[in-house]
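**Student:** got a predicted structure plus its sequence, pasted below:
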Amino acid sequence: MAGGGIKPGISYGETDEFGYNIVKDPVHINDFHATALHLMGLNHEKLVYKHLGRRYRLTDVAGKVVNGILA
């Protein structure tokens, strides 16, 4: 991610030397989506759609905004 409210010149999180396992600051895909929606000015907890009688969110029941990368 670059621009749009992200801190310039940072890398968030670390993997091992093979790039296989997360070593520090993992970010789940739901957290990534919540952060991207936050940067677009949308509240991910209120963005719902109805499918087969159930209300769904893009971030499902999880998802937190990753404040460590926000400018």
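**Tutor:** Sure, I can see it.
**Student:** the spatially most central residue of the chain and residue 58, how far apart?
**Tutor:** With distances taken as C-alpha atoms, centre = their mean, residue 32 lies nearest the centre of the chain, 1.6 Å away. Distance from residue 32 to residue 58, counting by C-beta to C-beta, to the nearest Å: 11 Å. In short, each C-beta sits where N, CA and C put it, glycine included.
**Student:** likewise for residue 9?
**Tutor:** In this view, residue 9 and residue 58 are 29 Å apart by C-beta to C-beta.
**Student:** where do the strands sit along the chain?
**Tutor:** 14-15, 22-24, 48-51, 54-57 (DSSP state E).
**Student:** between those, which one is nearest to residue 65?
**Tutor:** With C-beta to C-beta, the closest approach to residue 65 among the strands of the chain belongs to strand 54-57: 13.8 Å.
**Student:** each with direction, which strands does that closest one pair with?
**Tutor:** Here strand 54-57 has these sheet partners by DSSP bridges: strand 48-51 (antiparallel).
**Student:** quick one, helices of the protein?
**Tutor:** For the chain, the helices defined by DSSP state H occupy 29-39.
**Student:** output the strands of the chain as CSV; include the columns distance to residue 40 and mean pLDDT.
**Tutor:** CSV is the format used below for the strands of the chain (distance: least, C-beta to C-beta, whole Å; pLDDT from 0 to 100):
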stretch, distance to residue 40, mean pLDDT
strand 14-15, 27, 93
strand 22-24, 26, 93
strand 48-51, 16, 90
strand 54-57, 15, 88
